[in-house]
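S.K.: quick one, fold the following:
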Amino acid sequence: MILFLFVGMIAMVVVMFLKNKFIYGCPIKDSHLHWLQKRNRSTNYWKAGGLLFLINALLFSGVIGLLFVLMYIPIPFLHLFLMVGGVMASIYAWSAFNRAWEGSKAGRFLAGLTGSSFYLGITLFFIYQYATLEPAFEGDDMFMAAFGLMIAFTVTTVAFITCFIFTVFSAKKQSLG
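M.R.: As a prediction, the model looks like this:
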């Protein structure tokens, strides 16, 4: 389990260093970019940040919901493919957001902070759960619960940082094509 977490974190560091190749190399449909731009979500940071927050919430909730469904399907390692698919869908959404933004750098910063704050809120929730973790009965071993919460807040912290970096920092501007 630690190996999967370690490999995942190394992969996310590599993705962050190569983010411009992901942002501009990702085959994003022009219809998705124009949908963002047409609704004034590409210049208004509150609307754009709110949309990004909603997209992050829907993707996270969808993956968690499917993980609960997969608990009843006895196919090993299927959950790993689902989580990788969720990460890829998130990177696609963040790349589309980055490419569709037409506003100022300060607006991009505020929109990225607003949108990625979903993961920050979940991280704070997991940290609170970890800090107030108590055994259900005397002699209850809390190791697995604490371990799960540590992995949960590590994953959501990495998601917050990655979302923020993908949506806020842009090294170069390219045309929509």
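
S.K.: give the contact list for the residue nearest to the spatial centre of the chain.
M.R.: With distances taken as Cα atoms, centre = their mean, the residue of the chain nearest its centroid is Ala159 (4.2 Å). By Cβ atoms under 8 Å, 6 or more residues apart in numbering, the contact list for Ala159 reads Ser90, Tyr119. No exception for glycine: its C-beta is placed from N, CA and C like everyone else's.

S.K.: quick one: Tyr45 and Phe53, what's the gap?
M.R.: Here the criterion is Cβ to Cβ, to the nearest Å. By it, Tyr45 lies 12 Å from Phe53.

S.K.: those two - which one has more neighbours?
M.R.: Using other Cβ atoms under 10 Å, the more surrounded residue of Tyr45 and Phe53 is Tyr45, with 23 against 19.

S.K.: isn't the more buried one right next to Leu110, touching?
M.R.: Yes - between Tyr45 and Leu110 there is a contact under Cβ atoms under 8 Å: 4.3 Å.

S.K.: show me how far stretch 134-153 is from its chain's centre.
M.R.: 25 Å (Cα atoms, centre = their mean, to the nearest Å).

S.K.: between the two ends of it, how far is it?
M.R.: 18 Å (Cα to Cα, to the nearest Å).

S.K.: before we move on, the earlier item: give me the element the residue nearest to the centre of the chain is part of.
M.R.: Assessed by DSSP states H and E, Ala159 sits inside helix 143-168.

S.K.: from the chain's centroid, how far away is that helix?
M.R.: Relative to where its chain is centred, helix 143-168 has its mean C-alpha point 9 Å off (Cα atoms, centre = their mean).

S.K.: got the buried residues for it?
M.R.: Residues of helix 143-168 classed as buried: 145, 149, 151-153, 155-168 (neighbour count, 16 or more other Cβ atoms under 10 Å).

S.K.: what do you get for stretch 117-127?
M.R.: Quick answer for stretch 117-127 (16+ other Cβ under 10 Å): Ser117, Phe118, Tyr119, Leu120, Ile122, Thr123, Phe126, Ile127.

S.K.: out of the residues you listed, which comes closest to Val13?
M.R.: Tyr119 (16.8 Å; Cβ to Cβ).

S.K.: so what's that closest one up against?
M.R.: By Cβ under 8 Å, 6+ apart, Tyr119 lies in contact with Asn56, Phe60, Thr156, Thr157, Ala159, Phe160, Cys163.

S.K.: name the nearest residue to it, ignoring sequence neighbours.
M.R.: Phe160 (3.7 Å; Cβ to Cβ, 6 or more residues apart in numbering).
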